[in-house]
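A.B. asks: fold the stuff below for me.
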Amino acid sequence: MHLAQELVAHVERLATLPDVYLKIRAALDDPDVSIPEVADVIAADPSLTAALLRLANSAFYGYARKIESISRAVSLIGLEQVHDLVLATSVTSLFAGIRPQRMDMARFWRDSVRRGLLAREVARGQRELNPERMFVAGLLADAGHLVMYVAVPDLMSQILDTPLDDYDSLPELERRIIGCDFAEVGAALASSWHLPLSFGVLIGSQLKPECAGEYAPAAALLNIVSAVAATAGGGKESDYELSAEAEHLAGIEVSAVEEALAGVEAQLEMMLAIFGAQA
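C.D. replies: Numbering: from 1, shown residues only. Below you'll find the model as predicted:
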């Protein structure tokens, strides 16, 4: 049996985020940092600069006038949102090129971006939630599976080859065979990256949002969104554990989340291109 922290420690390539994210995180941790200073850090990385400008000029934000400078993008989007979007692009870059055995990376990216977009779309109707932060939480929600496929490929193959007839869900089977599920591993990964506390709590509590304390409404929304997105991506209901408490905690019904899927699918290809997510 393995602990989630043990699996993360085994995956050396995922141990740290790219330097550019760490520099931007350090800059944003300074309460006196200015927008030009943040823009200068971003501008030092051409690929990140290009990705951020593509995003700022996309339908994701829908600004009427073209944004041509990083300073303008940072000013319009906001420092917290810039942090989260830089995190998203950094994670995409970090995961690029990883080819775990028996893991369909094209599907992984498509499912991740769909989940992030759906979380953002639904969160926009929930006054107390940050849509951009929910987008990144959705994008990272399944990162634990990537770690598991890299760290314990033989055990993941055993899981794939085991019929789910005797188990309620795939996460339950993961806990039986590996000792932890993908949500626990994802939370351990967020902790190893020293991400803001909310990310680790949301990812780690997504299957049991009632355990998320003050973050319970956001974790419950992530639970519903992940279940709906998994089915939309061709998965089975047993691939994800929908919490019985989720609708109550999130203040939204599953059917309302399902109704938001059409608009999300229309944005999916655009966002995959912006983040360079590929197989």
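A.B. asks: buried residues in the helix ranked longest in the chain?
C.D. replies: Assignment by DSSP state H gives helix 105-123 as the longest helix of the chain. Buried residues in helix 105-123, defined by neighbour count with 16 or more other Cβ atoms under 10 Å: 105, 108-123. Yep, even glycine has a C-beta here, placed from its N, CA and C like the rest.
A.B. asks: for stretch 172-188, same thing?
C.D. replies: 172-175, 177-188.
A.B. asks: out of those residues, which is nearest to L52?
C.D. replies: Within the buried residues of stretch 172-188, proximity to L52 (Cβ to Cβ) peaks at G186, which comes in at 24.7 Å.
A.B. asks: so which of the buried residues of stretch 172-188 sit within helices?
C.D. replies: E172, L173, E174, R175, I177, F182, A183, E184, V185, G186, A187, A188.
A.B. asks: nearest spatial neighbour of the third one, chain-adjacent residues omitted?
C.D. replies: When you say that, I think you mean E174. Sequence neighbours aside, D181 is the residue nearest to E174 in space, at 4.4 Å (criterion: Cβ to Cβ, 6 or more residues apart in numbering).
A.B. asks: where does pLDDT dip in the stretch 101-250 of the chain?
C.D. replies: Within the stretch 101-250 of the chain, the stretches with pLDDT under 70 are 166-167.
A.B. asks: can you show me the helices along the stretch 151-279 of the chain?
C.D. replies: Assigned helices in the stretch 151-279 of the chain, in chain order: 153-160, 170-177, 182-192, 197-204, 216-232, 246-250, 254-259, 261-275 (criterion: DSSP state H, counting those that start in this stretch).
A.B. asks: can you redo those helices as TSV with distance to M134?
C.D. replies: Compiled in TSV, the helices of the stretch 151-279 of the chain are given as follows (distance: least, Cβ to Cβ, whole Å):
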stretch	distance to M134
helix 153-160	28
helix 170-177	21
helix 182-192	15
helix 197-204	8
helix 216-232	7
helix 246-250	11
helix 254-259	12
helix 261-275	13
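A.B. asks: spit out the contact partners of V201.
C.D. replies: V201 makes contact with A187, A212, G213, Y215, A219, according to Cβ atoms under 8 Å, 6 or more residues apart in numbering.
A.B. asks: 10 Å - rerun?
C.D. replies: Contacts here follow Cβ atoms under 10 Å, 6 or more residues apart in numbering; on that basis V201 touches A137, A187, A190, P209, C211, A212, G213, E214, Y215, A216, A218, A219.
A.B. asks: follow-up on the earlier one: out of the helices of the stretch 151-279 of the chain, which is closest to S34?
C.D. replies: Of the helices of the stretch 151-279 of the chain, the one closest to S34 (Cβ to Cβ) turns out to be helix 197-204, at 24.9 Å.
A.B. asks: tell me the buried residues in the closest one?
C.D. replies: Under 16+ other Cβ under 10 Å, the buried positions of helix 197-204 are S198, F199, G200, V201, L202, I203, G204.
A.B. asks: what does stretch 17-29 give?
C.D. replies: Quick answer for stretch 17-29 (16+ other Cβ under 10 Å): L17, P18, V20, Y21, K23, I24, R25, A27, L28.
A.B. asks: can you read off the pLDDT for the first one?
C.D. replies: So the one you mean is L17. Looking at L17, its pLDDT stands at 82.
A.B. asks: same deal with the third one?
C.D. replies: In the predicted model, V20 carries a pLDDT score of 83.
A.B. asks: cool, and the last one?
C.D. replies: Per-residue pLDDT puts L28 at 85.
A.B. asks: got the contact list for it?
C.D. replies: L28 neighbours (Cβ under 10 Å, 6+ apart): E37, V38, V41, L79, E80, V82, H83, V86.
A.B. asks: mind running it again at 7 Å?
C.D. replies: By Cβ atoms under 7 Å, 6 or more residues apart in numbering, the residues touching L28 are V38, L79, H83.
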